[in-house]
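*Asks:* Provided below are the primary sequence and the corresponding predicted coordinates.
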Amino acid sequence: MIRLFSNSIQHRFLAVALLPLLLITMLLTLYTVEARRNDLSQNLMRLGDASSSYLATISDLSLYSRNMKLLTDTASSAMRIQDVAGIAFLDRDGSPVLSTGSLAEQLPADLPEQHPLQTAHFVIFKKPVYLSGVDFNDYQEELAPDGSDQELVGWVVLALDRTSLMKEQESILLTSALLFLIGMLIAAIFTYYLGLALISPIRKLTETIKLMAAGNLGVRAETGTNDELGILAKGINQLAESVAEGRETLEHRIRLATRQLQETLENLQLKNQELELSKQAAESANQSKSDFLARMSHELRTPITSIQGFVRLLDVAKLSESDRQYCQIIDQAALQLLTLIDDILAFSKLQSNTVVLTQQPLDLAECVEQVIAMFGPQAQHKGLCLGVDYAPDLLLDRIGDSIRIQQILSNLISNAIKFTEKGGVFLSLKTNDVQAVIIEIRDTGIGIPETAQDQLFNAFAQADTSISRRFGGTGLGLSIVKSLVDLMDGDIRLYSHEGQGSTFVIQLPLSMALPDHSWRLQPFRLVISSCNEFIDNSLIHAMERFGISNPALVPLDKIADVSSHLSQNDRVILCVSPLLSPGVDLASLILKLRGVTPAKLVLLSTQFNFYQQFNAKERAALQPIDFLALPPSLAELHRALGETITHQLPVIDDFDTAQVLDGINILIAEDNQFTRLLLDTLLGRLGAYCTLASNGVEALAACQQDRFDLLLIDVHMPQKNGIETLTTLRRSDNINANIPAIALTADILQQEEQSLFDAGANGLLLKPLNENQLLTSICELLHLQPPSNPLPPAEVTGDISPDLFRQEVNELLQNARESLARNDLQDLRESIHQLLGIAGVFQLTELENKVRRLHELVKRERLEDVPDLLLDLEQDTEQLEF
Amino acid sequence: MNIPVRKRLFRITPVIGAICFSLLLASPARAAVLLLLSSDAPYYRETAEALRAHLSPAKDSVELATLGQQNLPAVLGQPHQLIVAIGSKATRMALDQGGSIPLLSIFIPKNAYDALQIPALNTNQRSLSVIYLDQPLNRVVSLAALLEPRATRFGTVFGPISRESEADLKALTNARGITLEQAYLNHEDNPLAILRPLVKQADVFIALPDQAILNRAIAKWILHLSFQQKVPVIGFSKAYTNAGALASIYSAPEDIGKQAGELVRNWLSNPDQRGAQEQYPKYFTISTNPAVARSLNINLPAENQLYRAIEQQEQAVP
């Protein structure tokens, strides 16, 4: 039915015409059949009722008198009535007197009198038979007989056969159904042909419209009649004509427009080509700029390194005081220049989007504390207090790029220290949800005017141009910070008022890593005295992290009294900084304190050599005691509080900056003998014992034989380079598998740097090496206190003869030439890499510059100029003067 | 004389109007006669009207009352000169009411009047008279003899009540040289078994009223069996004639009313002639069924001829 409606107008017409007809005819047929069936049933019932009543009336006498002949005659005559199947006469008690027909075979018991009994084949009527009489009395009231005038003499039972009724009903049903079907068939045929006659013109019109829709606008509809369809056909023809005209006009316009468009496209293509050329030029220029920047930074670093080197070569002892000051100024100026160049390089990398973040598990505390340790001496020098506070609920094990986080913190802390003359710089680390870490760096410095705050994160912008003059700096620091924070999908905000200090708030999304240890400590009583609210709070938070509840905060003058109640299982944390407690004799106070309490003392001081104030006897008396830097490393504090004994006290009587690495066993893996010599000399002077290896294989062999505290490893080495060696070592079960390792290289690619750290390097230093930087890195990794003063200049080159140097250089140049002839770029790179290292060692600027050019050419695989440059280098080496 | 009812009504309408008028005039004064009807049945009314028609409208004031009306006790309590009770129920009511006002009971079967057991009621101080509804048996025998002069055997069936008349009837038939074939029918009897041989023996069958046994069925069977045996039936009511009896003799309401009216008028005019009287109906009516007569091949005289013949026979006999 639904398909009928959805197909075509003819089907719909058929459906619309036939459905009501079908419905009405069906209803009428049903009604007629039912009415006729009812009539037949009622007729049968009436016949039965009338016949039985009649029999009851006429059989009273014969039944009363048991006149069987009369009863038989009566029954026989009644049996001749159509559909009468049986008759029975019953006496007054219901016992049969006479039964005929079907009732003779079976007479149902308990027949109802009120209504007929209907069985499957019969309808059975039962009527009472009363004696009938005549009216004989004129005066009823006077002569009426006593008692009932109507006497029951028996019953008459009549059975009617329903078979013929049912047959007749079936016949009616069949006839009606047949008539209905014939009627419907005729109606359907009639409707079909009527619909066909009506729809045929519509179909023709539809076909015409389809042809028109297909684009044949020349076709026309037949307009023979004047009825609605004729008018419609005329209208369609007119419409087709209009459309044809319109289309022709439109096509003409489109042709015009297409031609114009083609011209425009051709112009656009030309422009695009020009743009492509411009883009290539711009990219080339950008690349050139990057190259230039990289080269320039190198070119700048080289003379500065020379300046520093030569200044350090001066024999300080032989100089006058003013000359020493000049030397110091020159060294500081060179250092500033280096910092500036590092900033520019970092900024350049960030601008060219070549910085890729690593995602490594990191300890936030360690990450922050390394930076704090770096700036500790500087802050102390300026008389500033440095503080770090970790919120107790902050989870410290995170995943992120610790180098870049440290870069951010370095810049901000450096700025804070730079612009703060009095007070301190305070770091607070907290979290606002599980993933984000909020680092707040607050200083008590000069503050930033509100008008300058908007531009502060822009490159080369400083709050005041006078600041550059007063404090120096490139103005790139905050821009680098902002770029790095953005790179980490973080956020940085500044809150500052002029003269009231500044607060930088950084929010970094650092996902959590699995914690590798618990901070909980066995409970003990604790007394804290710091004289600084921030440090108080940071210590309380640290204690909360350690599970130490309710530490007692007391002022310095009360600490002896309060601590006198403590036992040897308890602890006292005392900040002993002249900055915080000016004018207090801290040494006496500590000695007094030890006199009243057996509790372990943990002393925090900004002076890392605070313990030098006590002689050996006093230090022995002070035990158990620990000296920690202020601010303390969280791990150190945890350790110091966790132990009830003295951890380690430096041998202060022999203390010397030069012996800072005393007893440290270092493995140096460096293929270049000059660099090896330089490192061996330098570290040996600082008290370290060095084992030398010229490649990775040797280094691994050495690891099998001895236990080392540190590994210094060159990245580019023959046989087994630094990355491979580190990978092998870290994966082995060697006793040195987990020792700290610092990689050394003259230059490194971004992906190379990543693989180096992936291989297990803990630090990276660029050649030419900066001794102080090297020492700082070593101290950090070995948790040693770095020397507060810069190292004296090393005189390593004095141990190497110029001839030996020339021989080495010539050998390397020869190797390079042979590698070039073989077109073995790998070997060529190795030779040039070693050349670069040697040049740095001897601070030979001209030579180093040429080697760097050579290095760049090989790196870019522009080999055509390489032979000339090699020759040039050879000549330079011959002419070299030491 | 069988006068059609409508014609009779037409005739008595002015009389009823006059009665009503006189009642209206006399209502404030005491009425002389109280007509007490057993019910509102037409035959009681017609009897009352016939009675009133034979009184003097100017002198004899009449008050009409029916059993069941609301103020009946008050009406009965008034000092009438005479109470005429029409029907058995009115008679019993008047007797139950007691008092000394003379009572005339009319339109009452003799066995019903006897059943009132008047002597036991101790009505010595009260004058009681009656006009029965039943016809004297000689009148019935006369009619039978007039209709079937050649008949030698009369048949009849007695019930518990009519059995009292057996001796009288036998005497009357015997006096005419006719044998009376009789049978007795009780409640437990099969009427057909008793009637069928009786009818066969009779030339004429006389049906006697008997409230105890005679019902519509027995009446029908009498007719049915008589027809089968070609025996004419003499009945006792117009209804029985219509049902199939050849003829019936009975007193119509006008007949009883007339007789009672004459009696009352006489009594009112001559109070000293008042005395207890028991009378059978003086006037009567005969109805015939010509169709039955044709079926029985009987030459049926006209009803008035028969009336006159019986009247003459009664006048001839002292």
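*Replies:* The structure has been received and is ready for your questions.
*Asks:* Would you map the strands across the stretch 601-750 of chain A?
*Replies:* Secondary structure of the stretch 601-750 of chain A (DSSP state E, counting those that start in this stretch): strands at A:625-629, A:665-669, A:689-693, A:710-714, A:741-745.
*Asks:* ok, residues contacting the third one?
*Replies:* In other words, strand A:689-693. A:663-670, A:676, A:679-680, A:683-684, A:699, A:701-702, A:706, A:708 (Cβ atoms under 8 Å, 6 or more residues apart in numbering or on different chains). Heads up, the C-betas are built off the backbone N, CA and C, glycines and all.
*Asks:* tell me the angle of it relative to strand A:710-714?
*Replies:* 30 degrees (axes from the mean of the first three to the mean of the last three Cα atoms, to 10 degrees).
*Asks:* Looking at chain A, what residue ends up closest to chain B?
*Replies:* Here chain A gets closest to chain B at one residue, A:Gly133, 2.5 Å apart by Cβ to the nearest Cβ.
*Asks:* Point out where the stretch 151-300 of chain B drops to low pLDDT.
*Replies:* By pLDDT under 70, the low-scoring segments of the stretch 151-300 of chain B are B:273-274.
*Asks:* and the residue of it nearest chain A?
*Replies:* Counting by Cβ to the nearest Cβ, the stretch 151-300 of chain B gets nearest chain A through B:Arg216, at 2.5 Å.
*Asks:* If you tally nearby residues, what's the number for that residue?
*Replies:* Residues within reach of B:Arg216, counting by other Cβ atoms under 10 Å in any protein chain shown, total 19.
*Asks:* for A:Ala17, same thing?
*Replies:* Per other Cβ under 10 Å, the neighbour tally for A:Ala17 reads 17.
*Asks:* Grab the nearest non-local neighbour of it.
*Replies:* Setting aside the residues directly before and after it, A:Ala17 is nearest to A:Thr191 in space (Cβ to Cβ, 6 or more residues apart in numbering or on different chains), at 4.5 Å.
*Asks:* The one you found belongs to a helix, doesn't it?
*Replies:* Yes: counting by DSSP: H, G, I helix; E, B strand; the rest coil, A:Thr191 is found in a helix.
*Asks:* pretty sure B:Leu300 is in contact with B:Leu246, am I right?
*Replies:* Yes: contact criterion Cβ atoms under 8 Å: B:Leu300 and B:Leu246 qualify, at 7.4 Å.
*Asks:* Around chain A, pick out the residues from chain B.
*Replies:* Along chain B, the residues adjacent to chain A under the rule Cβ under 8 Å from any Cβ of the partner chain are B:38-39, B:41, B:43, B:87-89, B:107-109, B:112, B:133, B:192, B:207, B:209, B:211-221, B:223-224, B:235-240, B:242-245, B:250.
*Asks:* Go through the residues you listed and flag which are in helices.
*Replies:* The helices, defined by DSSP state H, take in B:43, B:88-89, B:112, B:192, B:216-221, B:223-224, B:238-240, B:242-243 from the residues of chain B next to chain A.
*Asks:* Close to chain B: what parts of chain A are there?
*Replies:* Within chain A, the residues that sit near chain B (Cβ under 8 Å from any Cβ) are A:61, A:64-65, A:131-147, A:149, A:151.
*Asks:* which secondary structure elements does the strand or helix carrying A:Thr249 contact?
*Replies:* Assessed by DSSP states H and E, A:Thr249 sits inside helix A:228-313. Identification of packing neighbours for helix A:228-313 by 3 or more Cβ pairs under 8 Å, 6 or more residues apart in numbering or on different chains; DSSP states H and E yields helix A:163-213, helix A:321-351, helix A:845-859.
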